[in-house]
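S.K.: Sequence and computational prediction follow.
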Amino acid sequence: MKASPLREKPQDTYTDAQVINAILNHRTANHLILKWFFNRAREYALGYLQKSYTQLDPEEWDVIFANTNLKIVSRFRKGLNLGEAATLRTYYTSVAKFAALDFVRSRKADSDFQEVVEDQVIVVPTVQENLEQSERLQSIRAWLVKVLANEGQVEVLLLHAKGFSYQEMLDNTTYNSEGACRNALMKGKKKISEYLLQYPVEARKLRALLEDR
C-alpha cells in the first residue's frame, strides 16, 4: 500500500521577507502565509486604532481592513519597498490608519448629503404668471442668497446678468479689484451649477422663474 505524502505543517511565524514573497508570488501555498499575516496585522492595528474610532462596529472594521489588505497587496506588486527601519506590521498599521480615516470621512459625507437631501433643499420660489418683474427679481435674489450664503457673490452674479463689466461691478460692490469680482463670479456660478445638478427639479423651476425676467 502506497503511503500518502505527509502535509507540511504551517509555521507558527513568518518573516517580513517571507510574507512579501508570498504577496509577490501567486501560488496557492502562499495563501496560508498571507492569512497568517493579515490576521495578526489586523489584530495589532485594531488594538491601536480602536482608541481613536470607538464608534465603528465590527462590520465597518471588516470593510476597513479588507481595503487595507487590498492596498498592501497592490502596492507591493507595483514595486513598493519597505524602508530599512520599517516593519511590515507597522506599515500595515499606517495604511489601516488612513483607510479608517477615509472610511469615516466617506461616511460623514454620505450622512451630510442625506441631511441636505432630507432637510436642507433650498426650494425655488413658486412661479406666478402675474408676478411683476421687480417681484420676480426679488424672488431670484432671495433664492441666490440662500444657496450661495454670500451677498457679494449674489451682487456680482446679478450685475453680470445685467451685462455689467468687471469695472462696473467694482464700482457697484464692496470688492477692491476686478480680479476679486471675477473670482466671486466664478465661485458663485460653480456653487449654483453644483446645486442645480444635485437637484434637477429645482433647476427646472428656476429656469421657469427666469423666463421673461
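M.R.: Cool, got the structure.

S.K.: what stretches of this protein score poorly on pLDDT?
M.R.: 1-11, 28-29, 85, 108-136, 200, 202-213 (pLDDT under 70).

S.K.: for the residue lying closest to residue 18 once chain neighbours are set aside, what are its contacts?
M.R.: Closest residue in space to residue 18, ignoring its immediate chain neighbours: residue 33 at 6.2 Å, by Cβ to Cβ, 6 or more residues apart in numbering. Where you see a C-beta, it was placed from the backbone N, CA and C, and this is true even at glycine. Listed by Cβ atoms under 8 Å, 6 or more residues apart in numbering, the contact set of residue 33 reads 14, 18, 19, 22.

S.K.: Closest to residue 92 out of those residues?
M.R.: If you rank those by distance to residue 92 using Cβ to Cβ, residue 19 comes first, at 9.8 Å.

S.K.: what's the helix or strand for that closest one?
M.R.: helix 16-24 (DSSP states H and E).

S.K.: Can you pull the domain assignment for this structure?
M.R.: 16-116, 133-210 (automatic domain parsing).

S.K.: could I have the host helix or strand of residue 193 exported to PDB, CA atoms only?
M.R.: When elements are assigned from DSSP H and E, residue 193 belongs to helix 178-198. Extracted in PDB, the C-alpha atoms of helix 178-198 (Å, rounded to 0.1, in the frame of the first residue of the first chain):
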ATOM      1  CA  GLU A 178     -11.700  93.500 -10.900                       C
ATOM      2  CA  GLY A 179      -9.900  90.200 -10.200                       C
ATOM      3  CA  ALA A 180     -11.900  89.800  -7.000                       C
ATOM      4  CA  CYS A 181     -15.100  90.400  -8.900                       C
ATOM      5  CA  ARG A 182     -14.200  87.800 -11.500                       C
ATOM      6  CA  ASN A 183     -13.300  85.300  -8.700                       C
ATOM      7  CA  ALA A 184     -16.600  85.900  -6.900                       C
ATOM      8  CA  LEU A 185     -18.500  85.400 -10.200                       C
ATOM      9  CA  MET A 186     -16.800  82.100 -10.900                       C
ATOM     10  CA  LYS A 187     -17.300  80.800  -7.400                       C
ATOM     11  CA  GLY A 188     -21.000  81.800  -7.500                       C
ATOM     12  CA  LYS A 189     -21.500  80.100 -10.800                       C
ATOM     13  CA  LYS A 190     -19.800  77.000  -9.600                       C
ATOM     14  CA  LYS A 191     -21.900  76.800  -6.400                       C
ATOM     15  CA  ILE A 192     -25.100  77.200  -8.400                       C
ATOM     16  CA  SER A 193     -24.100  74.700 -11.000                       C
ATOM     17  CA  GLU A 194     -23.300  72.100  -8.300                       C
ATOM     18  CA  TYR A 195     -26.600  72.800  -6.600                       C
ATOM     19  CA  LEU A 196     -28.700  72.500  -9.700                       C
ATOM     20  CA  LEU A 197     -27.000  69.300 -10.800                       C
ATOM     21  CA  GLN A 198     -27.800  67.800  -7.400                       C
END
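
S.K.: Name the residues of that helix that are buried.
M.R.: Along helix 178-198, these residues count as buried under the neighbour rule (16 or more other Cβ atoms under 10 Å): 180, 181, 182, 184, 185, 187, 188, 191, 192, 195, 196.

S.K.: The fifth one and residue 152, how far apart?
M.R.: Residue 185 sits 10 Å away from residue 152 when distances are taken as Cβ to Cβ, to the nearest Å.
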